[in-house]
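Undergrad: Predicted model, plus sequence, below.
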Amino acid sequence: MRGAFFQALMEVARQDSRVHLVVGDLGFGVVEPFAREFPRQFLNAGVAEQNMTGVAAGLALAGKVVYTYSIANFPTLRCLEQIRNDICYHEANVKVVAVGGGFAYGSLGMTHHATEDLAIMRALPGMTVVAPGDPYEAAAATKALAIHPGPAYLRLGRAAEPSVHDGTPPFQIGKAIRVVAGTELTLVSTGGMLQSTVQAAQLLARQGISAEVLSMHTIKPLDHGSIMNAARQTGAILTVEEHSALGGLGGAVAEVLAESSHRDARFRRIALPSEFSKVVGSQEYQRLQFGLTPESIVREALELLRPRGAVTVHA
Amino acid sequence: MTSLPSPPTMTTEELRRLAKRLRLHVLKMTNLGKSSHVGSSFSMIELLAVLYGRILRVRPSEPDWDGRDRFILSKGHACAGLYAVLAETGFFPLDWLSEFYVDGGRLAGHVTKSGIPGVELSTGALGHGLSVACGMALAAKCDGHSNRVFALLSDGECDEGSIWEAVLFAPHHRLDNLIAIVDYNQIQSLGRVAEVLDLQPFADKWKSFGWEVREVDGHDLDALISTLEPLPLAPGRPTCIIAHTVKGKGVSFMEDKLLWHYRSPAGDEYENALRELEGE
């Protein structure tokens, strides 16, 4: 997603000289082409995220369209108050971009696990929150945000995920993409879990179960319509995210369902417990520890579809 | 580049009268609203008077005019002073000042931008204003505009690490259109700056980061004029003005007293303060 983001941002910057990229001294090997082609639209603010974010707000209040860029929690949590007060309160045109969503930097340890970002960004008034599912979505989101006024958070995965889509999907902020059609349950994925979720749907299909897959790339504003449709049509929703169970995709969908007329729809979340990972390991390894694999998605899906009243025995 | 508009040209005597009116407004506002921070406003009254009466290129009738100088009050708790000077210089009607800090009123207890002409940035959490000012100054450079950006900080605010991130940033980017002013009244929330977290040697710190620094008596109108009029002081370098001030300046029993960071003037204290300020 990282490469797709930079490529898309360069296209955007070519067309619109207001577009500025402000980085927090990160992006070795990927920011250079942008910096070379757009020296007047590029700024390395140094290892100083609070100032980076304040500067971005000042640039935006003077008419620029600003993307701040760093990894994991640095562009979000380190400078949260600057995002809240300087960007969100002023409806400043700043897009906060983090690479390394979830466990993308798994082996680097807890400091580099961005696992509460969606909840925290989502809570900020006026903030649009986007977590694309693959490089095609990342490119489309980057371009869409450039013309979407106001604050936004763009959560990218890592450097070279495989694409899930065959080409650029129809992308609209706040509108889920149906990646797989299905009738018996709906798997709703956000961010980099899309590939595993699609794989889970394929595994379910082998068992004769027809699962729909939605890529919920926008967490806020949430696509209520697609959730309502799923509740009506399949009646069973399983959310999948590489993020804390508190306040992310699952929480957001649960809120919608609980207040809707579809409270009888079946619902489960696959998300991280509210604890720090205690294991050392890559994204793949971390996902395995926390049940974020196609196989565990299948297991949860089968639990969700188990007839009501059946006794579940947990090991 | 557009040609520079003339800043307003109040005489020293007019500025003195403006400063007196500002203190009276602030006293009445904090009394009416039962609000704190009267001392924090009083220490920067002359600064505001000189900036708005003599230095800033702004158009009160056209507050969003592109070519305007930007003024950010980073010490947002002293908003009563800012609201008063904006009203006095015609950004909004004077009677709005009676809507400060009261339920359903227009003017919030920290600087709030929405719906208030002339306010550039909402502040109140310390350590934000200088970074945003850097961004605005950078944008002006980038676009070839000649406007300047002023940020007025408190001394206690300089405890914030984010301030020093910005202090490092501005000279590196040669922001000579940026002016940081520190209202150095030597008192912060829980005590004297020197005792809570000493800033000294303060001027040397800014100088060593690459700023052009001037120290000035923050209540001496002529000294402030002669310091602020020749800005920028050095091509390629941002300016820092350390204004030595007295918290609560203008009311004898408030001067240099921590209590008046918090206490709202009421009853006899209010009457006595009023008499003192009116009799000035």
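TA: Sure thing, it's come through.

Undergrad: from here on, contacts and neighbour counts on C-alpha atoms
TA: OK.

Undergrad: Residue B:142: how many residues sit nearby?
TA: When neighbours are defined as other CA atoms under 10 Å in any protein chain shown, residue B:142 has 12 of them.

Undergrad: Please apply the same query to residue A:3.
TA: Neighbour count of residue A:3, defined by other CA under 10 Å: 17.

Undergrad: Quick check: closest non-adjacent residue to it.
TA: By the measure of CA to CA, 6 or more residues apart in numbering or on different chains, the closest residue to residue A:3 outside its immediate chain neighbours is residue A:159, 6.4 Å from it.

Undergrad: so who does the one you found touch?
TA: A:1, A:2, A:3 (CA atoms under 8 Å, 6 or more residues apart in numbering or on different chains).

Undergrad: Just the ones of those in helices?
TA: Using DSSP state H, the subset of those located in helices is A:2, A:3.

Undergrad: Strands of chain A, residue ranges please.
TA: When secondary structure is read from DSSP state E, chain A shows strands at A:19-23, A:42-44, A:65-71, A:94-99, A:128-130, A:152-155, A:177-180, A:185-189, A:211-215, A:218-220, A:236-244, A:266-272.

Undergrad: The fifth one: partners in the sheet, and parallel or antiparallel?
TA: I take that to be strand A:128-130. Here strand A:128-130 is paired, per DSSP bridges, with strand A:152-155 (parallel), strand A:218-220 (antiparallel).

Undergrad: Equivalent analysis for the first one, please.
TA: Paired strands of strand A:19-23, with direction, are strand A:42-44 (parallel), strand A:65-71 (parallel) (DSSP bridges).

Undergrad: now, of those strands, which is deepest in the fold?
TA: Most buried of the strands paired with strand A:19-23 by mean neighbour count (mean count of other CA atoms under 10 Å in any protein chain shown) is strand A:65-71; its value is a mean of 26.

Undergrad: could you give the angle of that one to strand A:94-99?
TA: Here strand A:65-71 points in a direction 20 degrees away from that of strand A:94-99 (axes from the mean of the first three to the mean of the last three CA atoms, to 10 degrees).

Undergrad: how far does strand A:65-71 sit from the chain's center?
TA: 16 Å (CA atoms, centre = their mean, to the nearest Å).

Undergrad: again with stretch B:17-36
TA: Distance of stretch B:17-36 from its chain centroid, counting by CA atoms, centre = their mean, is 15 Å.

Undergrad: Kindly format the C-alpha coordinates of it as PDB.
TA: What follows is the C-alpha trace of stretch B:17-36 in PDB, where atoms were taken according to Å, rounded to 0.1, in the frame of the first residue of the first chain:
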ATOM      1  CA  ARG B  17      -5.700  55.300  26.100                       C
ATOM      2  CA  LEU B  18      -6.400  52.100  24.200                       C
ATOM      3  CA  ALA B  19      -4.500  50.100  26.800                       C
ATOM      4  CA  LYS B  20      -6.500  51.700  29.500                       C
ATOM      5  CA  ARG B  21      -9.700  50.800  27.800                       C
ATOM      6  CA  LEU B  22      -8.500  47.200  27.200                       C
ATOM      7  CA  ARG B  23      -7.800  46.800  30.900                       C
ATOM      8  CA  LEU B  24     -11.200  48.100  31.800                       C
ATOM      9  CA  HIS B  25     -12.900  45.700  29.300                       C
ATOM     10  CA  VAL B  26     -10.900  42.800  30.700                       C
ATOM     11  CA  LEU B  27     -11.800  43.700  34.300                       C
ATOM     12  CA  LYS B  28     -15.500  44.000  33.500                       C
ATOM     13  CA  MET B  29     -15.500  40.800  31.400                       C
ATOM     14  CA  THR B  30     -13.800  38.700  34.000                       C
ATOM     15  CA  ASN B  31     -16.100  40.200  36.700                       C
ATOM     16  CA  LEU B  32     -19.300  39.600  34.600                       C
ATOM     17  CA  GLY B  33     -18.200  36.100  33.600                       C
ATOM     18  CA  LYS B  34     -16.800  35.300  37.000                       C
ATOM     19  CA  SER B  35     -13.700  34.000  35.100                       C
ATOM     20  CA  SER B  36     -10.100  33.600  35.800                       C
END
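
Undergrad: what's the residue in the stretch 201-315 of chain A that chain B sits nearest to sitting at in phi/psi?
TA: Closest residue of the stretch 201-315 of chain A to chain B, CA to the nearest CA: residue A:221 (23.3 Å). The phi/psi pair for residue A:221 (degrees, to the nearest 10) reads phi -70, psi 140.

Undergrad: Would you agree it is in contact with residue A:125?
TA: No. Using CA atoms under 8 Å, residue A:221 makes no contact with residue A:125, being 11.0 Å away.

Undergrad: So which of these two has more stuff around it?
TA: Legend: neighbour count by other CA under 10 Å for residue A:221 and residue A:125, higher for residue A:221 (16 against 12).

Undergrad: mind listing what the nearest residue to that one once chain neighbours are set aside touches?
TA: In space, and not counting its chain neighbours, residue A:221 is closest to residue A:174: 5.4 Å by CA to CA, 6+ apart. By CA under 8 Å, 6+ apart, the contact set of residue A:174 is A:217, A:218, A:219, A:220, A:221, A:222, A:223.

Undergrad: again, but for residue A:283
TA: Applying CA under 8 Å, 6+ apart to residue A:283 gives the contacts A:103, A:104, A:105, A:106, A:107.

Undergrad: ok, the third one - how many residues close by?
TA: Neighbourhood size, residue A:105 [other CA under 10 Å]: 23.

Undergrad: who touches it in this structure?
TA: Residue A:105 makes contacts with A:72, A:112, A:113, A:158, A:282, A:283, as judged by CA under 8 Å, 6+ apart.

Undergrad: at 7 Å instead, please
TA: By CA atoms under 7 Å, 6 or more residues apart in numbering or on different chains, residue A:105 lies in contact with A:112, A:113, A:283.
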